[in-house]
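Enquirer: Fold the following and give me the result.
(chains A and B)
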Amino acid sequence: MVSDTESPRSTPEEGEGDWGVDAALGAATRAARAATDVASVVGSSLPARLAAAAAKRLTEPLAKEGHEVRERLVTDAGPAARDAIQRVTPGVIDAVNINEVLAAIDMDALLDRIDIDRLVGRVDVGGIVAKVDVNELVQGVDVDGIVSRVDVAAVVERVDVDALISKVNLDSLLERIDIGLLLDRIDLNLLLTKIDLNELLKNVDLNALLENVDLDALLDSVDMNSLVNKLDIDSLVRNTEIGSLIAQSTSGIAGEALDVVRSQGVGLDNFLNRWANRVLRRDPIALPAGPPLLIELAPLALPSGQSDSQKAQP
Amino acid sequence: MTDISQRELGVTQQGHYAGAVSRLVAFCCDQAIATICFSIATASLTYIIVVITPDNYQLQIPSPLLSGFYVFWLFTYYAYPWSTSGKTAGMAILGLRVVQRDGSQTSLRCGILRTIMFPLGFITLGLGFLGIITNREHQALYDRIAKTTVVYDWDARGARLRFLARSAAPSSPDYLASQAMEGPTEPV
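Expert: You can find the predicted model right below:
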């Protein structure tokens, strides 16, 4: 809306030299208005209408010729009008102050008159998206800058974690996780150093844990013979109460006497064998220690020292 | 060789060929046991006959018959154990056992044949026993005929544990405290 004060119309002071023309136009206007009033009064009477009909009949050839002239004028006036507009437009643009024009527009009223839904409905969103290079668009985004502006704590506080977790399909998620790769990346030593095992074990119900253990299956999987062979029985007997228990249970005089007699007998046997081997020039290592079946079973009966005894023989 | 080292050596010989000394001692024990048992048996038999017969009947057993009984008793004494368990009473004391050459248990044939051939050692003036010392498998003449041999069979493991237990110091609190101050002991 253009205000009167800012109108580009020339004021009387500005058009001081054209006052004569303006006065003539004003007089003509008033005369035309008066003639129109008179004509309307006269024209509505019956004689006037009869006269108009007669005049229309008499001027029909003239009217036809005038119609042709008007149509020709419209056809021929197009290019001429475009030339005139092209010549005039730059000057008009220079003369128009765009800022003033925009300031004068009531944007609210203008927007109220626009049907946004219809406008959006005419937009080809798919076509626009297809033309957009998303990768280039993403590369141009300063993600760090955006993230640095985000108040993560506030965002997290607004998140309903329970609802979020309830929507997660853990089975599907776990199936997609490569546990082996995950464990390879974990420094277990570092992890274990941070674990307070004492505190952890305090919270473990060992009784309940052991109730769930199938001891029979566990023992079936243990090679007891291999386990017993690894035991240092001699050290066990020497350094524990087992030794004293054995001594108490088998410390009869007869048993001890038998051990002594047998041990002495074996010692004398070996003494005699050594001399026999020396006389007969035999290598005691090359001699069979005993029948094959018994020697193969001997390690089961002898805790240790078999090789030592053989080495002890000269 | 000290007493301890002899014991250590002895308990590691289970299943090995037995030497001459052990076998000789075992034989002596067997002979003593067999003779004592036979004497007790004949004396008992004589006493019973005297008791149950009237007029103080004196039993006179002919020497050949008595010798025959004695030989039969000796045969039974040796043949039965050698055919079954492989060890007589004397061998059990010394921890010896008769086995076949491969180490398997003796059969009835082995036991009887060994018993029958056993006197060959004496008949040959002791030469039949020399194989116990000179033979690679410590076989006497009768062993070679019966295809048997003698091995150590006593509970070496139990004996070793008993020996270790006896040789270990008492486990009193004072002793354990002194052991802890001296440090760990060397395993055997």
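Enquirer: From here on, just use CA atoms for contacts and neighbour counts.
Expert: Fine.
Enquirer: Would you point out the helix or strand in chain A whose mean pLDDT is lowest?
Expert: Least confident helix or strand, chain A: helix A:306-312 with a mean of 40, by mean pLDDT, DSSP states H and E.
Enquirer: same question, chain B
Expert: helix B:3-10 (a mean of 48).
Enquirer: any idea of the mean pLDDT for the lengthiest helix in chain B?
Expert: Using DSSP state H, we find that the single longest helix of chain B is helix B:20-52. The average pLDDT within helix B:20-52 is 91.
Enquirer: other SSEs contacting it?
Expert: helix A:253-280, helix B:63-83, helix B:89-94, strand B:96-100 (3 or more Cα pairs under 8 Å, 6 or more residues apart in numbering or on different chains; DSSP states H and E).
Enquirer: Out of the ones you listed, which one sits most buried?
Expert: Highest mean neighbour count of the helices and strands packed on helix B:20-52: strand B:96-100, a mean of 26 (counted as mean count of other Cα atoms under 10 Å in any protein chain shown).
Enquirer: Heading C-terminal from it, find the next helix or strand.
Expert: Once strand B:96-100 ends, the next helix or strand along the chain (criterion: DSSP states H and E) is helix B:108-117.
Enquirer: Other residues contacting that following helix?
Expert: By Cα atoms under 8 Å, 6 or more residues apart in numbering or on different chains, the surrounding residues in contact with helix B:108-117 are B:75, B:78-84, B:86, B:100, B:142-143, B:145-148.
Enquirer: out of these, who's nearest chain A?
Expert: B:Gln100 (8.2 Å; Cα to the nearest Cα).
Enquirer: Look up the closest residue to the closest one, ignoring the ones flanking it.
Expert: B:Thr148 (4.2 Å; Cα to Cα, 6 or more residues apart in numbering or on different chains).
Enquirer: Isn't that neighbour up against B:His138?
Expert: No. At 10.0 Å, B:Thr148 does not count as touching B:His138 under the criterion of Cα atoms under 8 Å.
Enquirer: Mind jotting down where the helices sit in the stretch 51-200 of chain A?
Expert: Per DSSP state H, counting those that start in this stretch, the stretch 51-200 of chain A carries helices over the ranges A:60-95, A:98-104, A:107-113, A:116-121, A:125-131, A:134-139, A:143-149, A:152-158, A:161-166, A:170-175, A:179-184, A:188-193, A:197-202.
Enquirer: What is the neighbour count of A:Leu102?
Expert: Residues near A:Leu102, counting by other Cα atoms under 10 Å in any protein chain shown, number 10.
Enquirer: So for it, what pLDDT did the model give?
Expert: Reported pLDDT at A:Leu102 in the predicted model: 81.
Enquirer: contacting residues around the residue sitting nearest the centre point of chain B?
Expert: Central residue of chain B (Cα atoms, centre = their mean): B:Met91, 1.1 Å from the mean position. By Cα under 8 Å, 6+ apart, the residues touching B:Met91 are B:23, B:26-27, B:29-30, B:97.
Enquirer: could you redo the last one with a cut-off of 10 Å?
Expert: B:Met91 makes contact with B:22-30, B:97-98, B:150, B:152-154, according to Cα atoms under 10 Å, 6 or more residues apart in numbering or on different chains.
Enquirer: burial of B:Asp112, as a residue count?
Expert: Residue B:112: Ile, not Asp. 20.
Enquirer: Quick check: the gap between A:Ala286 and B:Gln13.
Expert: Using Cα to Cα, to the nearest Å, A:Ala286 is found at 16 Å from B:Gln13.
Enquirer: So for the two, which sits in the more crowded spot?
Expert: B:Gln13 (27 against 8).
Enquirer: distance of the residue nearest to the more buried one when sequence neighbours are not counted from B:Trp73?
Expert: Nearest residue to B:Gln13 in three dimensions, chain neighbours excluded: B:Tyr152, at 6.6 Å (Cα to Cα, 6+ apart). Taking Cα to Cα as the measure, B:Tyr152 and B:Trp73 are separated by 26 Å.
Enquirer: Contact partners for B:Leu66?
Expert: B:42, B:72.
Enquirer: Please read off the pLDDT at the residue positioned nearest the centre of chain A from the model.
Expert: For chain A, the residue nearest the mean C-alpha position is A:Val143 (13.4 Å; Cα atoms, centre = their mean). What the model reports for A:Val143 is a pLDDT of 79.
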